[in-house]
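Undergrad: Structure of the sequence below:
(chains A and B)
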Number of protein chains: 2
Amino acid sequence: MIPDSINGQNVIPFQGVGKFQPSGRKAMPRISTCSDFPSDGNKLVKSLKDALIKSGIKDGMIISTHHHFRDGDLIAVKIFEIIRKLGCKDMVWFPSASFPCHRPLIELLKDGTVHRIEGSMNGPLGRFCSEGKMKGVGILRSHGGRYQAVQDGEVEIDIAVIAAPTADPFGNANGLTGASACGSLGFALADSQFADKVIVVTDNLVPFPCLPWEIQGNYVDFVVEEEKIGIPEKIVSGTTQMTKSPDRLHIAELTAKFCDESGLIGDGFSFQTGAGGTSLVISTFFRDIMRKKGIKARFARAGSNKYLVEMLEEGLVEYILDGQTFDLEGVRSIRENLNHANTSPFTSYNYHSKGNFAGMVDIVILGATEVDVNFNGNVVTHSDGYLLHGIGGWQNCLFGKTVILPLPLFRDRIPVIVDEVTTLCGPGELIDVIVTERGIAINPLRKDLLEKVKGSDLPIKSIHELKDEVEKICGKPKKPEFKDKIVAAVKWVDGTVIDVVRQIIPK
Amino acid sequence: MIPDSINGQNVIPFQGVGKFQPSGRKAMPRISTCSDFPSDGNKLVKSLKDALIKSGIKDGMIISTHHHFRDGDLIAVKIFEIIRKLGCKDMVWFPSASFPCHRPLIELLKDGTVHRIEGSMNGPLGRFCSEGKMKGVGILRSHGGRYQAVQDGEVEIDIAVIAAPTADPFGNANGLTGASACGSLGFALADSQFADKVIVVTDNLVPFPCLPWEIQGNYVDFVVEEEKIGIPEKIVSGTTQMTKSPDRLHIAELTAKFCDESGLIGDGFSFQTGAGGTSLVISTFFRDIMRKKGIKARFARAGSNKYLVEMLEEGLVEYILDGQTFDLEGVRSIRENLNHANTSPFTSYNYHSKGNFAGMVDIVILGATEVDVNFNGNVVTHSDGYLLHGIGGWQNCLFGKTVILPLPLFRDRIPVIVDEVTTLCGPGELIDVIVTERGIAINPLRKDLLEKVKGSDLPIKSIHELKDEVEKICGKPKKPEFKDKIVAAVKWVDGTVIDVVRQIIPK
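TA: Numbering: from 1, shown residues only, chains lettered A, B, ... in the order given. As a prediction, the model looks like this:
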């Protein structure tokens, strides 16, 4: 199933959780010298184009960007439009994630400016890739896997462009203030540390020192001022929305009840719920349980939002460890509150590290597009076979102590629980509990949890029972059909390839 | 003068300021994997001995420690006593600095446990080295040079032991709280990032997460709890003392007056004065000038102390960028005030970087044991030829925009201004002004400064005039006599060897 090489690079197939043993040493960025840099620390150049030229832009280079501006990013497309005008071809775009706003890159993929995307391909870019139209093979990595790939030298970034809501002329930067404030800049950390050339682009230039220097100017080659680097309303929303769907509310309640009754919620526990509509409701249920029991959580991993910030400020949560802020309250809190700390894929998720934070979280709430009867999970393709999502931190978070997937049994009348996932993203041994509107399935490997809920009134069922129920409603789903051509590879957290995505045969 | 090799390693002789062009790539720490570390993040082992054994301690290894506990360090000697008991020989001690409290290492240097020290040798260890009694050749590096050497792979640390005032079982650590609070832990940064094995030792273990994680647990192999890692009174003093010597007060006043009249002090300027008795007085003169002019400094580089903290809190200084805190007020401020930021030798001083902070400082006040008529400076040996001091950040700070050395003309009736420095630590082209109790000498290279003070009532003299004056008082100093044997090498900020220290012939 897994080819020997992809995009001309050798491939190591997935060997099981924790089985692949890396050898060798980390990547080796070139040694710089201060004598090549302005002694007064002023690295400003006049334009992004100028910075790209000074960085030695040429055919085939790997260009990285980060996704902290989400669907409000104004920089990534701009970079590749400059590159097209400069006449460079076959570039590799290495974003930490892509969004619908990056749709214009389709034209640049078509005209040969861009060879492939190594990073999530959400929405239109994923559809383009699924249809076999991308020249190279897309590589999907988790947030931690992206750090690992850069650190291990699998991906040698030639030029990293770091869009920064605040920066100084030395290149110190953060995401806390300015019109494009996005909170953390953690997803750009690896890029700053390992890329050959690093360009910081900002629309809020401040005199040295820009503090805190989440991105350290000592790694930065050039600084560019742009009028506008992101669309604020699309970067962080003023408000985060809870789900109003009765089914989702029921799933959220059931999830919280399960966590409570199985003893997972106790004084000093930790959790990561995410910032989706259902997740937010789960958070508020957790809040109510903590209040009632008079206990507090030691920390919450985030995706922060106003509900989590309220819990921090109420003293229900001692620390928020935050990879990205999802609303304005999150940005305010991470700027002001020392107990609201920014994290990076290095601290949280890098699997080729001396441990990371992911394994320390007691309760992890995640989503999925599909789960199969062996508890294997899929987050990148839909049941129709189209590649429409990135992995995000999903694979990394699977290492949490108890991983729970609250899922509707079906979406658009297509079952979510299936015989075999279309694309394997996470091995079933790491997924502990599936909570649906019609019952809860516990992974048979988690005998301890099965024991704990014995005698409770929770609707515990086997995953096969859940699958049968959904098939009674929706019928047996028809499998999508694929050509042989591999359009994308899904990496596991250790750099091995766990599955591939093939070109869809449209219905 | 400079040998081809030292301690079996090739030597590149000093090639002039900014002349040596490094090639190659940074050091390459081994790739780790989370599967080799406890999934719950708990890296506690039962003792320092245990941690050293698990780290694979063996003959000839390079063991590093930091000096944030200054003369109150209880860990470095303990490590080598354990190593002696384990029977290991020929170790290299790689501290960020050493102090009189490390005197017991002399016995371990004598019995072959320790082969040499690469790091400052203040006081008794320096005397021991000067007398030719150390088996290997000592290597002296600046704080920035130490980071550079580790980063560039010149020094491959086998085991770093990081004594931390606060840490969690994952290895996240800081110096802000606990009985041994020392402020920053920046001097241990390179050690954590590049050492093969990293051990954190703490006397204040807190549950995960220890925030802020100045040392990141993701780099840490083992965590050890010890009852006491430092002697608080010797780590930071409750009060910092200003000089009371009339001569020093006069020099301080003259220095401040020079800075003012030459136009160096203006709105948004920056300075680094240090924390010695004379420096503190200079700081308070700066404060008075700023108050009078109604201006403020953008930042002060520190060595923080209560006077600087007062300026920060009064709004005279916008930011303190702090490498080490020298008193309790400094520790409090860096813990509480977001505008009081900790720095590291990487951000501040690493010369093999894409710029560093050193060059951005407008006024830098430094000391020296000797200066010669070519403005060359010495900080490691005394005029009697004994190696008694480390370089600290001195060489790195020479890259400041205007470097001023307030110095007494003589100490113990030995001239400070000489024909040629005993040991060359800093090239004269980087030293701009010498302020003494009998006049101010400006480096002829600084025509701009000479122009600015024209017509002022400042006692401007040539360096030769100052030398003549001191020789009239003290007589021409007798040069110390040396054997051929090289006992220590002085590295420049770029890893080249700028001078060597030879074995003293005692008088």
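
Undergrad: tell me which parts of the stretch 201-350 of chain A are close to chain B?
TA: Contact residues, the stretch 201-350 of chain A versus chain B (C-beta under 8 Å from any C-beta of the partner chain): A:207-209, A:211-213, A:216-221, A:268, A:298-299, A:319, A:321, A:338-339, A:341, A:346-347, A:350. In this view, the C-beta of every residue, glycine as well, is placed from N, C-alpha and C.

Undergrad: and the residues you listed, which of them are in helices?
TA: Counting by DSSP state H, those place A:346-347 in helices.

Undergrad: filter the residues of the stretch 201-350 of chain A next to chain B to the buried ones?
TA: A:208-209, A:211-213, A:216-221, A:298-299, A:319, A:321, A:341, A:346-347, A:350 (16 or more other C-beta atoms under 10 Å in any protein chain shown).

Undergrad: Point out where chain A drops to low pLDDT.
TA: Scanning chain A for pLDDT under 70 picks out no residues.

Undergrad: Tell me how many other residues surround the closest residue to chain B within the stretch 51-200 of chain A.
TA: Residue of the stretch 51-200 of chain A nearest chain B, by C-beta to the nearest C-beta: A:Asp152 (5.7 Å). Burial of A:Asp152 is recorded as 19 neighbouring residues (other C-beta atoms under 10 Å in any protein chain shown).

Undergrad: wouldn't it be in contact with A:Ala27 here?
TA: Yes. Between A:Asp152 and A:Ala27 there is a contact under C-beta atoms under 8 Å: 6.4 Å.

Undergrad: Next one: A:Ala149 from B:Ala167, what distance?
TA: 30 Å (C-beta to C-beta, to the nearest Å).

Undergrad: my bad, A:Pro212
TA: If you go by C-beta to C-beta, the gap between A:Pro212 and B:Ala167 works out to 21 Å.

Undergrad: of all the residues in the stretch 51-200 of chain A, which ones are close to chain B?
TA: When proximity is defined as C-beta under 8 Å from any C-beta, the stretch 51-200 of chain A approaches chain B at A:151-152, A:170-171, A:198.

Undergrad: among the residues you listed, which are in strands?
TA: Using DSSP state E, the members of those that fall in strands are A:Val198.

Undergrad: between the residues of the stretch 51-200 of chain A next to chain B, which is nearest B:Phe410?
TA: Nearest to B:Phe410 out of those is A:Phe170 (C-beta to C-beta; 40.7 Å).

Undergrad: Run a quick neighbour tally on that closest one.
TA: 31.

Undergrad: who touches the closest residue to it other than its chain neighbours in this structure?
TA: Distances taken as C-beta to C-beta, 6 or more residues apart in numbering or on different chains put A:Gly217 closest to A:Phe170, at 3.7 Å, once the chain neighbours are dropped. Contacts for A:Gly217 (C-beta atoms under 8 Å, 6 or more residues apart in numbering or on different chains) come out as A:41, A:43, A:168, A:170-173, A:200, A:210, B:347, B:354-355.

Undergrad: switch the cut-off to 10 Å
TA: A:37, A:41, A:43, A:167-173, A:192, A:198, A:200, A:208-210, A:223, B:347, B:353-357, B:360 (C-beta atoms under 10 Å, 6 or more residues apart in numbering or on different chains).

Undergrad: tell me the contacts of A:Lys467?
TA: Listed by C-beta under 10 Å, 6+ apart, the contact set of A:Lys467 reads A:371-373, A:409, A:415-419, A:441, A:461, A:476.

Undergrad: can you put these in CSV and add secondary structure and distance to B:Ile75?
TA: Compiled in CSV, the contacts of A:Lys467 are given as follows (DSSP: H, G, I helix; E, B strand; the rest coil; distance: C-beta to C-beta, whole Å):
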residue, secondary structure, distance to B:Ile75
A:Val371, strand, 50
A:Asp372, strand, 53
A:Val373, coil, 55
A:Leu409, coil, 58
A:Pro415, strand, 60
A:Val416, coil, 55
A:Ile417, strand, 55
A:Val418, strand, 57
A:Asp419, coil, 59
A:Ala441, strand, 52
A:Lys461, strand, 56
A:Lys476, coil, 66
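
Undergrad: from those, which is closest to chain B?
TA: Each of the contacts of A:Lys467 was scored against chain B by C-beta to the nearest C-beta, and A:Val371 proved nearest at 22.6 Å.

Undergrad: What is the neighbour count of that closest one?
TA: When neighbours are counted by other C-beta under 10 Å, A:Val371 registers 26.

Undergrad: swap in A:Asp267?
TA: Counted with other C-beta under 10 Å, A:Asp267 comes out at 11.

Undergrad: Now it: closest residue in space, sequence neighbours ignored.
TA: Leaving aside its chain neighbours, A:Asp267 sits nearest to A:Ile295 (4.0 Å; criterion: C-beta to C-beta, 6+ apart).

Undergrad: ok, the one you found - contacts?
TA: A:265-269, A:289, A:316.

Undergrad: Just the buried ones from those, in PyMOL syntax?
TA: Selecting the buried subset of the contacts of A:Ile295 in PyMOL, with 16+ other C-beta under 10 Å as the burial test, is done by:
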select buried, chain A and resi 265+269+289+316
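
Undergrad: contacting residues for A:Val379?
TA: Contact analysis of A:Val379 by C-beta under 10 Å, 6+ apart lists A:120, A:140, A:142, A:366-370, A:388-392, A:394-395, A:421, A:423, A:425-426, A:490.

Undergrad: Let's see that with 6 Å instead.
TA: A:368-369, A:389, A:391, A:394, A:425 (C-beta atoms under 6 Å, 6 or more residues apart in numbering or on different chains).

Undergrad: A:Ala97 now?
TA: Counted by C-beta under 6 Å, 6+ apart, A:Ala97 has contacts A:67, A:120, A:390.

Undergrad: May I ask which of those residues has the most neighbours?
TA: Neighbour max across those (other C-beta under 10 Å) = A:Ser120, 28 neighbours.

Undergrad: Help me confirm that that residue is found in a strand?
TA: No. A:Ser120: not assigned to a strand; according to DSSP: H, G, I helix; E, B strand; the rest coil it is coil.

Undergrad: Show the backbone phi and psi for it.
TA: Per-residue torsions, A:Ser120: phi -60, psi 150 (degrees, to the nearest 10).

Undergrad: residue contacts, it?
TA: By C-beta under 6 Å, 6+ apart, the contact set of A:Ser120 is A:97-98, A:390.

Undergrad: do you know how far it is from A:Leu387?
TA: Distance from A:Ser120 to A:Leu387, counting by C-beta to C-beta: 9 Å.

Undergrad: again, but for A:Gln241
TA: To A:Leu387, A:Gln241 is 26 Å away according to C-beta to C-beta.

Undergrad: who has more neighbours, the two?
TA: A:Leu387 (28 against 12).

Undergrad: returning to what we had before: type out the ChimeraX command that picks the buried ones from the contacts of A:Gly217.
TA: Typed into ChimeraX, the next command selects the buried ones out of these (criterion: 16+ other C-beta under 10 Å):
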select /A:37,41,43,167,168,169,170,171,172,173,192,198,200,208,209,210,223 /B:347,353,354,355,356,357,360
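
Undergrad: Give me the subset of the contacts of A:Gly217 that lies in helices.
TA: Mapping those onto helices (DSSP H) picks out A:192, B:347.

Undergrad: Is the residue nearest to A:Asp267 part of a helix or strand, or is it coil?
TA: On the basis of three-state DSSP, A:Ile295 is classed as coil.

Undergrad: Can you report phi and psi for it?
TA: The phi and psi values for A:Ile295, taken as degrees, to the nearest 10, are phi -120, psi 170.

Undergrad: And the residue of the stretch 201-350 of chain A found nearest chain B, how far from A:Ser35?
TA: Nearest residue of the stretch 201-350 of chain A to chain B: A:Asn218, at 4.7 Å (C-beta to the nearest C-beta). According to C-beta to C-beta, A:Asn218 and A:Ser35 sit 14 Å apart.

Undergrad: Can you give me the first-to-last residue distance of stretch A:100-116?
TA: 17 Å (C-alpha to C-alpha, to the nearest Å).

Undergrad: and what of stretch A:265-279?
TA: End-to-end distance of stretch A:265-279 (C-alpha to C-alpha): 16 Å.
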